[in-house]
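Trainee: can't give you the sequence, but here's the structure:
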């Protein structure tokens, strides 16, 4: 058998995730497969310090990087990330199951092995009009698609607990196919956690060691998350020594384009885990075989018969990558062609042009009025707030509730942008800090309507109309410069077809304009994208109006 | 959720195979499922020292115990063995895929969760006529049956290495279904092992630590075997500390009825592993979650959502069982009804009655003749031997090659018993030690023809005809007592419908008669069952004649 030369032989210290040990080895590759762990005559030989399996990100949303999946692949494959478990929750909120199918079409245009989950929780609620819903039948059909490996993170924990038929039909559809059910159970403990663990296989939302410990003791796989928004690894890493780490994985969940370029994907989490004291071989297990076992994937280990997904490293602890092999191809992203334009729909921002009056709350009389305000306190949270705002007459005619720039209470609007007639929700926000102009985004979790906030309604309307014209994106208007700076995100109104560097540059330009017009929020411009998320407390603005999340109902902006 | 009482609550120290730790817990069971690991009001409460998941035997053949699957279940379930991975290789050699389907029908009549593998290697070779063959189409159809979890141990290693189409079609059929491929690769090393590891997922044939280490480093799961025939645990147990033990499991492979009654099933292997120094929790992992993961089984762990397969123990290290729960039923074999008669065919011993001359090798002239002899050296091996035997004239007419009882060289015959016209193979055996009478068996790996050996051909014919009359079994004839003692094995000619105790008593009676007529072989009467196994060196007798296994061809008994 060993006579004819194999395509590739890699010599180095093998990071053997099967045995949990390092050893000297030669990895023989023929076509797309590892055929032997021994010396063989080979057409090409690579000598390296360490050879490891390609990393797998156990849970991520490519939309968070505002680039397409092939662009994301081009960013992370050279870093040794050869697979991701990608939940296209945001695409599905805009485009439903068809959007997920378009994503599956995109997935063939990158060496990154994107394995997809069928979004379980679209829409997030009935309180906002999104672009689509994904029902149990849609989920079942998606679960039959190639590359789909799980039901996406089940966010409707109350539905799981209450035996909601639709949620449980989705879970059962995955079970019937022998597929995994991803969980999303932040701060769920006690009896509720026990019930969640009956139905959901894993969770990536723990923020404390105690929370993570309870989940792993309840039998869930626990993913240790370190993303751009939520950074939990340092708090959770102690679990690796406490329990049999086979039940733990690493994930990013989200990764903004700046972090992606500067730090990488799940390779950055691995590197940090090692810095935090995790044994390097065990850390590689956390990002390879453990995740492969969570989803029944054939890769994530170096053995005869496995796909040849390999990383050559000059140093293991710092994960210093020399070469990456995917399906036997060495450095597949080097000199690769530009990916084709995404198959995902780009005509998704379809509201009628708005003017200032469409975004304003009319008010009879003069003086000031007490309003309920979405207080953008940061993180994913908002707080309830009340404030007094003046009545203005910008066009000299009818009165409208205007900004109190002194108090940083600004008008905000959410415009349904999916071609329905869902209309415009109007309200107020505190904490952005703008002192002129307006900012806006068509990335606005989870319904992804067009959200705008500003000092005056005319600027807000201008930003909204600009976002409409460019097919979606993020924008800031500086009236002093008479200029709108924007990042175009035409792919579902969430992502760009452009390379990472261009997206980063455009994003930084918008952020710069936003800072110039006074944006002071720590979360930057993307804070806006969370202010319409009507499932996380306390106040949120939807296209149907202000929502008190704990009451889970609409509430008037003007207090009585 | 915790308001209405659950059916059962078990309090004790949980052997948590997910976390690899012991901790105090309460296991709440509702119907057939573990619903929580916390205190709940319950209709029945069991207080115990330890609660563990039910054990899984990673590889076994129920035929080795000569009892039906429900009888085997009745023996091992009370010992905390709640599942077995059963390869019905012997049944398939007699009855083909239909026999396996009958076994699947039997499997519903025991709480033991028998998961079945589709036999891959039937017949063992073309050199002997068995009862059936199982081709790639048969395998594919079996793999679609409920309870079938893998392709059974692939013994045709040369076929795997040479790319034999039929073997690889069977392997591919399992891969296409996401099922496991069980291996059987004794003493395979080097490049051959690398190729075997490409295609076969596990192996249970290692006899040395070095062999097992090579296999686990080649990426195979390694099962540590401790059976009645092959006892390898002590030699292999060091591997548990050497490598990440998640890739290791415990199995019995075979278990004769005496060992089964006196020591148990895989519980005995677990107990021995602990005695050999394996951490008890890790030992339980070796016999539960690791094996569950090898076959994608939902049980083998204690967590909400898992089937309620639990063992209550007064002591962990000695595996002292107080209660066993299967699918929520406490002690399901206590007071259980007799299982129905096996669905497996009982009319499988169908040769025409034989007489002495049918079993003898005729010879012209007198004196003595040099013959090739199957030397029953023990283990599974035989050795090549030559010896001189006298020509006798038992009926006063034609001459036949007779026994040399002084030299312990006895006539032996293998009678095709599957209703074909495969005829009778005639030869000689050394090492049994008989000084009168004859012994015989319809258990004769792998073709399971009727094998008889004795001091004279008339006794041999009498034993064969007796086995024919009782539909198969094991028998010994003592001419001095003018009595044939037998164990009836009418189920495929391999197993009894009777309870273990009766089978054991009958077996011991036959063994006693065999000893009385001079049987001295360490392997006892069952040594006979290996003397027709034409795939293990060196000489074997088949119904078609003597086989030199290394030449893999027939060879004349009489030397020229």
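Mentor: Thanks, I have it. All figures in this text were calculated on a predicted structure; none of them were measured in a lab.
Trainee: state the pLDDT value of the most centrally placed residue in chain A.
Mentor: Averaging the C-alpha coordinates of chain A gives a centre point, and the residue nearest to it by CA atoms, centre = their mean is residue A:61 (3.2 Å). The model reports residue A:61 with a pLDDT of 97.
Trainee: what residues does the stretch 51-200 of chain A put near chain B?
Mentor: Residues of the stretch 51-200 of chain A found near chain B (CB under 8 Å from any CB of the partner chain) are A:161, A:178, A:190-192, A:194-195, A:197-199. In this view, the C-beta of every residue, glycine as well, is placed from N, C-alpha and C.
Trainee: will you turn those residues into CSV that also has secondary structure and neighbour count?
Mentor: Supplementary listing: these in CSV, determined by DSSP: H, G, I helix; E, B strand; the rest coil; neighbours: other CB atoms under 10 Å in any protein chain shown:
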residue, secondary structure, neighbour count
A:161, helix, 16
A:178, coil, 10
A:190, helix, 12
A:191, helix, 18
A:192, helix, 17
A:194, helix, 25
A:195, helix, 23
A:197, helix, 29
A:198, helix, 20
A:199, helix, 21
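Trainee: widest-spaced pair of the residues you listed?
Mentor: In these, two members sit farther apart than any others by CB to CB. They are A:178 and A:190, at 29.9 Å.
Trainee: just for the stretch 1-150 of chain A, where's the confidence low?
Mentor: In the prediction, the stretch 1-150 of chain A carries residues with pLDDT under 70 at positions A:1-3.
Trainee: can you give me the neighbour number for residue A:459?
Mentor: Residue A:459 has 27 neighbouring residues, counting by other CB atoms under 10 Å in any protein chain shown.
Trainee: what does stretch A:510-518 contact?
Mentor: With contacts defined as CB atoms under 8 Å, 6 or more residues apart in numbering or on different chains, stretch A:510-518 is touched by A:433-437, A:439, A:474-478, A:483, A:485-487, A:519, A:524-525.
Trainee: hmm, try it at 10 Å
Mentor: Residues from elsewhere that reach stretch A:510-518, judged by CB atoms under 10 Å, 6 or more residues apart in numbering or on different chains: A:258, A:405, A:408, A:410, A:432-441, A:454-455, A:459, A:473-481, A:483-487, A:519-521, A:524-526, A:528.
Trainee: just the buried positions in that stretch, please.
Mentor: A:510-511, A:513-514, A:517-518 (16 or more other CB atoms under 10 Å in any protein chain shown).
Trainee: tell me the one among these nearest to chain B.
Mentor: residue A:511 (43.8 Å; CB to the nearest CB).
Trainee: gap between the helix or strand where the closest one lies and the chain center?
Mentor: When secondary structure is defined using DSSP states H and E, the element that contains residue A:511 is helix A:500-516. Taking CA atoms, centre = their mean, to the nearest Å, one finds helix A:500-516 lying 19 Å from the centre of the chain it belongs to.
Trainee: what's near enough to touch the residue in the stretch 301-450 of chain A that chain B sits nearest to?
Mentor: Closest approach of the stretch 301-450 of chain A to chain B (CB to the nearest CB) occurs at residue A:303, with a separation of 2.5 Å. Contact criterion CB under 10 Å, 6+ apart gives A:16-18, A:27, A:34, A:36-37, A:53, A:289, B:194, B:197-198, B:201, B:216-220 as the residues in contact with residue A:303.
Trainee: how far does stretch A:458-477 sit from its chain's centre?
Mentor: Taking CA atoms, centre = their mean, one finds the center of stretch A:458-477 at 23 Å from the center of the full chain.
Trainee: hmm, I was thinking of stretch A:419-437
Mentor: Taking the mean C-alpha point of stretch A:419-437 and that of its whole chain, the gap between them comes to 23 Å (CA atoms, centre = their mean).
Trainee: model confidence over it, on average?
Mentor: Per-residue pLDDT values over stretch A:419-437 give a mean of 95.
Trainee: first-to-last residue distance for that stretch?
Mentor: Between the opening and closing residues of stretch A:419-437 lies a distance of 27 Å (CA to CA, to the nearest Å).
Trainee: same deal with stretch A:468-476?
Mentor: Start and end residues of stretch A:468-476 are separated by 14 Å (CA to CA).
Trainee: rounded mean pLDDT for it, please.
Mentor: 98.
Trainee: give the buried residues for it.
Mentor: For stretch A:468-476, the buried set under the neighbour-count rule, 16+ other CB under 10 Å, comprises A:468, A:470-476.
Trainee: ok, so of these, who is nearest residue A:115?
Mentor: Nearest to residue A:115 out of these is residue A:472 (CB to CB; 26.7 Å).
Trainee: what sits closest to the closest one if chain neighbours are left out?
Mentor: Closest residue to residue A:472 in three dimensions, ignoring its sequence neighbours and counting by CB to CB, 6 or more residues apart in numbering or on different chains: residue A:493, at 2.8 Å.
Trainee: that older thread, residue contacts, the residue nearest to the centre of chain A?
Mentor: A:84, A:86-91, A:152-153, A:227, A:252-255, A:494.
Trainee: do that again at 7 Å, thanks
Mentor: Taking CB atoms under 7 Å, 6 or more residues apart in numbering or on different chains as the criterion, residue A:61 is in contact with A:86-87, A:89-90, A:253-254.
Trainee: roughly how far does it sit from residue A:292?
Mentor: Taken as CB to CB, to the nearest Å, the spacing of residue A:61 relative to residue A:292 amounts to 20 Å.
Trainee: ok, now residue A:145?
Mentor: From residue A:145 across to residue A:292, the span is 20 Å (CB to CB).
Trainee: more neighbours, those two?
Mentor: Higher neighbour count among residue A:145 and residue A:292: residue A:292, with 23 against 13, using other CB under 10 Å.
Trainee: list the buried residues of the host helix or strand of the more buried one.
Mentor: Residue A:292 is located in helix A:289-295, with elements delineated by DSSP H and E. Across helix A:289-295, burial judged by 16+ other CB under 10 Å covers A:289-295.
Trainee: nearest to chain B, of the residues you listed?
Mentor: When the buried residues of helix A:289-295 are compared for distance to chain B (CB to the nearest CB), residue A:293 wins out at 6.6 Å.
Trainee: quick one: contacts for the closest one?
Mentor: For residue A:293, the set of contacting residues under the criterion of CB under 7 Å, 6+ apart consists of residue B:293.
Trainee: now the closest residue to chain B within the stretch 101-250 of chain A, what's its secondary structure?
Mentor: The stretch 101-250 of chain A approaches chain B most closely through residue A:219 (2.4 Å), counting by CB to the nearest CB. Residue A:219 falls in the coil class when you classify it by DSSP: H, G, I helix; E, B strand; the rest coil.
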